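Asker: compute the structure for the input listed below.
(2 chains)
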Amino acid sequence: MGILEVKNVGKRFGGLQALGDVNLSVAENSVHAIIGPNGAGKSTLLNCLVGLLIPDTGSVMFDGQSVLGRKPYEINQMGISRVFQTPEIFGDLSVMENMMIPCFAKRDGAFQLSAFKNMMDDKEIIENAEAMLEDMNMADKREMHGAALSRGDKRRLEIGMCLSQQPRLLLLDEPTAGMARADTNNTIDLLKQIKEERDITIAIIEHDMHVVFSLAERITVLAQGTPLVEDTPDNIKGHPKVREAYLGETQAA
Amino acid sequence: MLGLSKKDTSLLIIVCILALFAPFILNPFPEGSAMAQFNAGYPDLMQRLVIFGIFAIGFNILFGLTGYLSFGHAAFLGVGSYAAIWMMKLLTMNVIPAIVVSIIVAGAFSLLVGWISLRRSGIYFSILTLAFAQMSYALAYSVLTPITGGETGLQPKYTDPRIFDRALEQGESARANLFGLQMNSSAELSVGNWLFTFNAGYYLAAIVMIVAFYMSIRIFRSPFGLMLRAVKSNQNRMNYTGMNSKPYTLAAFVISGMYAGLAGGLLVAMDTQVGAERMFWTASGEVVLMTILGGAGTLIGPVLGAGFIKYMENIVSKINKGILEQWFAFLPDGIEDLLITLVYPFIGKGWHLTLGMIFMLVVIFLPGGLVEGGQRVAAMFRRKKSNPETPDGKTTPAE
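Answerer: Numbers count the residues shown, from 1 in each chain, chains lettered A, B, ... in the order given. Purely as a prediction, here's the structure:
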């Protein structure tokens, strides 16, 4: 029984069957990659996991509880944090404030009317946020505006913000999309380091095979809305069906 | 001090000094001099300056922090005013119950309006609030006449129950007071050619404004304020960070509605009559102008903006052709006439034209409002003084 259990999930948009009959089990403390060609339904599947879409059929269980019908903030409070394809951070706020917000969310929940406390007097939050900035090697940038960071730093900050909530499952949606090779490698190193240091499950949707094969322990290949095969990276590399559906195309190109 | 950082404390002290010494600061010109019409140190105008300052401070908590642009805040001001005048009619002319109830009623009304309007964001939210305000205005003007007095509005009458005060004699007029201290009582101080007026009502309003300003600083610096700024910055990330943005925006909406109600109650405390026109959409637009002109999202900006617009409304609108002729009298006739023709559209009833031009200039060249203007001037001086070894505090990103 995995921490995330996706059973018979289907989703149709008008005439398009985006997800057919998806079964997926993500084991606790593993790195599970979901790959597939364009239009395979990766993003639709991810959106079903975080509460943005409700599937037509099937169930999504996280740690024994259904996530279906819950709002994104409720799912986050259950322990699922999401990293977006284009880094979503608070561009108008400083890096430090960016990091403080998830710390508050973790401790105080989805809403608290603390209008007369001074946030800079909150030692616990400040310490947590500073420690996470330190971990992310961003302590020197704490006063910068989020919008002024480089792409790689934005990604780093976003991952740090997700981690400061101590999620049990970290969902990454193409975390290296549009990045230079150096930034991509930094991100891979960062994720490897996170994996080593924390008890965390990582589910990653990715296009870049280099990223997938350097990180994943299990890989699910999605094609036309259904899982084609699920196996270890080594077996996936040589799998004929996968070569045909996905890798074959890229190799021929 | 008071849970504020050093910088915020000094800002609060500046506002205190400005508010408490306003009778001097706004009366820089001696009586009878040609410039005396620029004096704003008379009670009626000073009261309006601080009351609309409160209104704008509250509006800024919603608009400046969350970015939700309400076009209907005058409705809360109006509802607060009606609540206040009813307290005076039913209970007592003491302003305390009037002000307290105006805050509560406006808060309850803004909870209803906010709960519905906040289902949408952006332009749809603005239109919803505008619709609510115009409905309130129309209701107050017609259907609700038994409660609001319709066209004539409401003022204290000798038929009022006044449970705590004795009934009025016919022809006797009731005066708002604070435990006997009449709001329109003033002390005057004459120094040379200068005449300074210290008005009880003004000082009550000024003290309330200082408290309101202090509370807004606390809100800005609180975790709650941080979340409101997070709503403005990236609502998507906020939701995926486990924060429910709905109650945050609703709380901000209600708080700003209560500020508006407080302003409405104070208006009644100063001048005990209410008409529906203060809920009209132009009044809602005015507070938007004040906030943007002064600097949305800054602490002191809305106060400056409110002061600036109310000053213009009362002073520029009073300049007439005769005064212009007096000013330009030293010029040759042809040039004098030309100048008067050119300037005339911008004064008197044309003061809106002046305001509009200034507003455009500010929005185009100083998007951060008057506060940004002040910061730029200050930075210029600093650069001159400590040239060139200190770079300014902001680090430029390396990208």
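
Asker: three-state assignment of residue 23?
Answerer: I went with chain A, as the question did not name one. Counting by DSSP: H, G, I helix; E, B strand; the rest coil, the backbone at A:N23 sits in strand.

Asker: show me what contacts it?
Answerer: Shown in contact with A:N23 (CB atoms under 8 Å, 6 or more residues apart in numbering or on different chains): A:V6, A:K7, A:N8, A:V9, A:P227. In this view, the C-beta of every residue, glycine as well, is placed from N, C-alpha and C.

Asker: what's near enough to touch the nearest residue to A:I89 once chain neighbours are set aside?
Answerer: Spatial nearest neighbour of A:I89, excluding adjacent residues (CB to CB, 6 or more residues apart in numbering or on different chains): A:G146 at 4.5 Å. Taking CB under 8 Å, 6+ apart as the contact definition, A:G146 lies against A:I89, A:F90, A:G91, A:D92, A:L93, A:S94, A:V95, A:N98, A:K154, A:L157, B:S233.

Asker: quick one: A:G146 from A:D92, how far?
Answerer: A:G146 sits 7 Å away from A:D92 when distances are taken as CB to CB, to the nearest Å.

Asker: can you pull the residues that touch both of these two?
Answerer: Joint contacts of A:G146 and A:D92 (CB under 8 Å, 6+ apart) are B:S233.

Asker: I'd say B:L204 and B:M183 touch.
Answerer: Yes: shown here, B:L204 and B:M183 form a contact pair, counting by CB atoms under 8 Å, at 6.9 Å.

Asker: report the set of residues contacting both of those two.
Answerer: Between them, B:L204 and B:M183 share the contacting residues B:V95, B:A269, judged by CB under 8 Å, 6+ apart.

Asker: near chain B, which residues of the stretch 101-250 of chain A?
Answerer: A:101-102, A:104-106, A:108-122, A:125, A:143-146, A:148-150, A:161, A:165 (CB under 8 Å from any CB of the partner chain).

Asker: now, of these, which are buried?
Answerer: By neighbour count, with 16 or more other CB atoms under 10 Å in any protein chain shown, those hold A:101-102, A:104-106, A:108, A:110-112, A:114-115, A:117-119, A:122, A:125, A:144-146, A:148-149, A:161, A:165 as buried.

Asker: ok, the nearest residue to B:Y141 once chain neighbours are set aside - how many residues close by?
Answerer: Spatially, and ignoring its direct neighbours in sequence, B:Y141 is nearest to B:A276 (4.4 Å; CB to CB, 6+ apart). Other residues near B:A276 number 25, with proximity taken as other CB atoms under 10 Å in any protein chain shown.

Asker: likewise for the one 4 residues further on?
Answerer: Counted by other CB under 10 Å, the residues lying close to B:F280 total 20.

Asker: strands of the chain, start to end?
Answerer: Using chain A here. With DSSP state E, the ranges of strands along chain A come out as A:4-13, A:16-26, A:31-35, A:57-62, A:65-66, A:80-83, A:169-173, A:201-205, A:218-223, A:226-231.

Asker: the intended chain is chain B.
Answerer: Under DSSP E, chain B gives strands at B:177-178, B:181-182, B:186-191, B:194-199.

Asker: what residues sit buried inside the third one?
Answerer: The one in question is strand B:186-191. Applying 16+ other CB under 10 Å to strand B:186-191 flags B:S186 as buried.

Asker: which elements pack onto that strand?
Answerer: strand B:194-199 (3 or more CB pairs under 8 Å, 6 or more residues apart in numbering or on different chains; DSSP states H and E).

Asker: name the nearest residue to residue 109, sequence neighbours excluded.
Answerer: Answering for chain A, as no chain was given. Closest to A:G109 by CB to CB, 6+ apart is A:Q77, at 6.9 Å.

Asker: that was the other one, I meant chain B.
Answerer: B:F109 sits nearest to B:V79 (CB to CB, 6+ apart), 4.9 Å away.

Asker: hmm, the biggest helix by length in chain B touching chain A?
Answerer: Taking DSSP state H as the criterion, chain B has its longest helix at helix B:245-270. Yes: under the criterion of CB under 8 Å from any CB, helix B:245-270 makes contact with chain A via B:S245, B:P247, B:Y248, B:A251, B:I255.

Asker: report the buried residues of that helix.
Answerer: For helix B:245-270, using 16+ other CB under 10 Å, the buried residues are B:245-246, B:248-270.

Asker: which parts of the stretch 151-253 of chain A are helices?
Answerer: Counting by DSSP state H, counting those that start in this stretch, one finds helices in the stretch 151-253 of chain A at the ranges A:151-163, A:181-197, A:209-215, A:233-238, A:240-242, A:248-252.

Asker: which one of those lies nearest to B:G294?
Answerer: For B:G294, the closest of those is helix A:151-163, at 32.1 Å, according to CB to CB.

Asker: quick one: average confidence on that closest one?
Answerer: Mean pLDDT, helix A:151-163: 92.

Asker: need the contact partners of it.
Answerer: A:81-84, A:87-89, A:95, A:98-99, A:101-102, A:132-133, A:135-138, A:141, A:146, A:149, A:170, A:175-176, A:178-180, A:182-183, A:186-187, A:190-191, A:194, A:198, A:200, B:241.

Asker: mind checking pLDDT for the residue of the stretch 101-250 of chain A found nearest chain B?
Answerer: Nearest residue of the stretch 101-250 of chain A to chain B (CB to the nearest CB) works out as A:A148 at 3.6 Å. Note on A:A148: pLDDT of 95.

Asker: remind me which residues of chain A are low pLDDT?
Answerer: A:245-253 (pLDDT under 70).

Asker: what about 50?
Answerer: Confidence mapping of chain A against pLDDT under 50 gives the ranges A:250-253.

Asker: rewinding a little: next, the angle strand B:194-199 makes with the longest helix of chain B.
Answerer: 120 degrees (axes from the mean of the first three to the mean of the last three CA atoms, to 10 degrees).

Asker: tell me the mean pLDDT over helix B:245-270?
Answerer: Per-residue scores along helix B:245-270 average to 96.

Asker: which residues touch the residue of the stretch 1-150 of chain B found nearest chain A?
Answerer: Of all residues in the stretch 1-150 of chain B, B:G3 sits closest to chain A, at 5.5 Å by CB to the nearest CB. By CB under 8 Å, 6+ apart, the contact set of B:G3 is A:F116, A:N118, A:D121, B:R218.

Asker: related to what we said a few turns ago, between B:L204 and B:M183, which one's more packed in?
Answerer: Taking other CB under 10 Å, B:L204 and B:M183 do not tie; B:M183 has more neighbours (25 against 21).

Asker: give the burial count for the closest residue to the more buried one other than its chain neighbours, as a bare number.
Answerer: Nearest non-adjacent residue to B:M183, counting by CB to CB, 6+ apart: B:G201, 3.6 Å away. Neighbourhood size, B:G201 [other CB under 10 Å]: 26.

Asker: how near is B:G201 to chain A?
Answerer: Using CB to the nearest CB, to the nearest Å, B:G201 is found at 29 Å from chain A.

Asker: contacting residues around that residue?
Answerer: Contacts of B:G201 (CB under 8 Å, 6+ apart): B:P43, B:Q47, B:A176, B:M183, B:N184, B:A269, B:M270.

Asker: distance check, the last one against B:L204.
Answerer: Here B:M270 is placed at a distance of 8 Å from B:L204 (CB to CB).

Asker: residues contacting residue 214?
Answerer: Assuming you mean chain A. Here A:S214 is in contact with A:I188, A:K192 (CB under 8 Å, 6+ apart).

Asker: actually chain B
Answerer: Taking CB under 8 Å, 6+ apart, one finds B:L2, B:L12 in contact with B:Y214.

Asker: pLDDT at it, what is it?
Answerer: For B:Y214, pLDDT reads 96.

Asker: buried residues in the worst-scoring helix or strand of chain B on mean pLDDT?
Answerer: Using mean pLDDT, DSSP states H and E, helix B:321-327 stands out as the lowest-scoring helix or strand of chain B, at a mean of 83. By 16+ other CB under 10 Å, the buried positions in helix B:321-327 come out as B:L324.

Asker: so A:L172 sits right up against A:T201, yeah?
Answerer: No: if you go by CB under 8 Å, A:L172 and A:T201 don't touch, sitting 11.4 Å apart.
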